[in-house]
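Enquirer: for reference, the sequence and a predicted model appear below.
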Amino acid sequence: MTIDLETRNINGVLSVYLASIYDGVKVNSFYLSDYKDSNELLEEAILSIMKRKYDGYRVYLHNFSNFDGIFLLKILNNLSDNINPIINDNKFIEIKFNFGRFSLKFRDSLLLLPASLEKLAKGFNVESKGTFPVLFVNNEHITLNYKGKVPPINYFVNIAEDKYEEYFTKFIEKEWDLKQESIKYCNQDVVTLYKIIYKFANIIFDEIRLDIAKYPTISSLSFAIFRCKFLQEDVKIPVITGKMFNDISLSYTGGNVEALKPYGENIYHYDVNSLYPYVMKEQCMPVGEPVYFEGNLANFDKDAFGFFEVLVEAPKDLNIPLLQHRFKISNSYKTVTPVGKWKGFYFSEELVKAKELNYKFEILRGYIFNKGYIFNEFVDYFYTMKVNNDKNSPLYTISKLILNSLYGRFGMTPYKEKHIIIDSSESFHIYNNFNVTNVVMFDNKELISYLNFEESDDDFTQLNISIPIASAVTSYARIYMYKFKTLNNNTCYYTDTDSVALENKLEDSYVGSELGKFKLEYTSDKAIYLAPKVYYCKTKKGDICKIKGFKLNKNTMEQNINFEEFSNLLYKDNKLLLNQEKWNKNLSSGEIKISENNYTLKTTLGKRELIFDKTNKLVDTKPLYLDNDKVLN
């Protein structure tokens, strides 16, 4: 079953004015003008599916975790005293809604198919979203029973003039009905989402013989596919808990993102084709039972493969270091690639590469593993599916999603919060026996998040996670990308996990459609790189701007910031004050309030030391110099 909610923004408060529900046969709609308020509308919508015939149904909403669930949780609480939420990283993975002897499971289809509904409709060859002036209902002077002329184009989002004219001409001889058009638009969304999930489920079952109903996220589905179809019986993937997990997780520092040069012209921006699947296929992974050691590794095994705690000394003259280190700087934790001295945990193969760059180490202790190539068949199967299908085909979309979702599943933490919705009069038991991390109050109930530190290792093994695998994959990826950040006669200006911005074109041998090869995404006439995830590129096809933590309006980017304003930020102490909407989500009241939020953009010390010329203009960067987690000039 699928549900879609349409909301309007009146004086900064988002509220639901329409809900549509599709069970595969019939669409039911609930429109605000027929009810006292949004809460009554939503209660009627949920009551309509609290039937025996829907027992065990999965109810999918696209973006349930971060949007629809805010409005629905309070309503579900009002209608049942038995709700079981599964929450991870502050996202609803699932809410099991029990009523009498029956139940429904509410899920977020965006966690299973992480793309916009419009893109998914195209990828699965399903009729796409309709056309509708979504901003029109935000006008508080417009009645929800409005009938009249088609709203002007400025009330539509992402619509070309010819598309608007095509829509407009449909109502030349008849009046435009807001209620009728809203319902038509919302109904199309729930039917589209239903068909996408239905087609996805059938393809997965036909190809893999798995039921997607058992897997609420794409990473859990991808992991299940790997275990059921591709994991060899003689391969033992290490399930790590306790102190060993804590140690090895220190080596799991993710992709490398750095702004190396602040300004460049005629810059070539390349992306790697499926970086993580590439290294998963090409490189051996840590498998088998780990062996702990302390002291001089040479006395134990000079070719040891695993994760080691080391005292590091990185050469001062290394402009682009390899090894990442996470530590506290300027009151926050950052992951940097410094020079100097420090202590850390690292994957052995990254240490081998670092030694070639004249790093020096003293190995203190660590964990040794066996080697195994465990992902070859998995990657080959889905990559072949990807390249043998058109980009607009369902199989292409599915193969791409599954390929890129497996590795992260291995890196999940075993220390999971538990969540319970309980009557306030009974909640003292939770407070007295567990470490409570968050509480959401309802009228007479509480959503309590807590940690249970008394769980055994057996509880953790049921999660089927393996931090050594996740760490090895990301380490191999950093090693691979390092080569292209340090090419001779080809300066690297900026690098992300799987991309580089280079002074010159790559050699043809590095470019192609194969795994691990590069694709030229675009060329910048001028480019400014202020910090990781903060850049502005002018291209012949238009401007490309990225500001971490700030949502740019792609259609009216010039109203937010232009290249000249961005250029001024290269000068020390210059700043730019930007405004953006901030969404304040309140589970207790079932509301989302929108307020104006100031965002100050300026050049600050980030992952590298900033170098200014005599005019105080940022002209270059160099690595931070560490001495046991203290930054020195």
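Expert: Now that the structure is in, tell me what you want to look at.
Enquirer: nearest residue to the most centrally placed residue in the chain other than its sequence neighbours?
Expert: To find the centre residue of the chain, average its C-alpha atoms and take the closest one (C-alpha atoms, centre = their mean): that gives Pro114, at 8.4 Å. If the residues on either side of it in the chain are set aside, Pro114 comes closest to Ile218, at 6.2 Å by C-beta to C-beta, 6 or more residues apart in numbering. C-betas here are computed from N, CA, C, even on glycine.
Enquirer: could you do Lys214 as well?
Expert: Spatially, and ignoring its direct neighbours in sequence, Lys214 is nearest to Ala224 (7.4 Å; C-beta to C-beta, 6+ apart).
Enquirer: what is the burial count for that neighbour?
Expert: Per other C-beta atoms under 10 Å, the neighbour tally for Ala224 reads 19.
Enquirer: mind checking what secondary structure it has?
Expert: helix (DSSP: H, G, I helix; E, B strand; the rest coil).
Enquirer: pretty sure it contacts Tyr215?
Expert: Yes. Between Ala224 and Tyr215 a contact is recorded at 5.7 Å, counting by C-beta atoms under 8 Å.
Enquirer: any common contacting residues for these two?
Expert: By the contact definition C-beta atoms under 8 Å, 6 or more residues apart in numbering, Ala224 and Tyr215 are jointly contacted by no residue.
Enquirer: now the element after the one helix or strand in the chain whose mean pLDDT sits lowest, going C-ward?
Expert: When the helices and strands of the chain are compared on mean pLDDT, DSSP states H and E, helix 457-461 comes out lowest with a mean of 44. Helices and strands here follow DSSP states H and E; after helix 457-461, the next one along the chain is helix 467-485.
Enquirer: buried ones in that following helix, by neighbour count?
Expert: Of the residues in helix 467-485, those buried by neighbour count under the rule 16 or more other C-beta atoms under 10 Å are 467-482, 484-485.
Enquirer: ok, stretch 43-56 next?
Expert: Neighbour counts over stretch 43-56 (16+ other C-beta under 10 Å) mark 43, 45-46, 49-50, 54 as buried.
Enquirer: quick one: end-to-end length of it, please.
Expert: Across its full length, stretch 43-56 reaches 20 Å between end residues, using C-alpha to C-alpha, to the nearest Å.
Enquirer: again with stretch 295-306
Expert: With C-alpha to C-alpha as the measure, stretch 295-306 spans 15 Å from end to end.
Enquirer: change the start of the numbering to 36 and stick with it
Expert: Sure, I'll start numbering at 36, so the last one becomes stretch 330-341.
Enquirer: averaged pLDDT, it. What do you get?
Expert: Averaging pLDDT along stretch 330-341 yields 75.
Enquirer: tell me the helices and strands packed up against the lengthiest helix in the chain.
Expert: Ranked by residue count and defined by DSSP state H, the top helix of the chain is helix 213-243. Under the contact criterion of 3 or more C-beta pairs under 8 Å, 6 or more residues apart in numbering; DSSP states H and E, the helices and strands touching helix 213-243 comprise strand 37-45, strand 48-57, strand 62-66, strand 93-96, helix 144-147, helix 152-158, helix 253-260, helix 429-438.
Enquirer: ok, which of those comes nearest Gly135?
Expert: Set against Gly135 and scored by C-beta to C-beta, those come closest in strand 93-96, at 16.8 Å.
Enquirer: quick one: buried residues of that closest one?
Expert: Judged by neighbour count (16+ other C-beta under 10 Å), strand 93-96 contains these buried residues: 93-96.
Enquirer: so which elements touch it?
Expert: In terms of contacts (3+ C-beta pairs under 8 Å, 6+ apart), strand 93-96 is packed against strand 37-45, strand 137-143, helix 144-147, helix 213-243.
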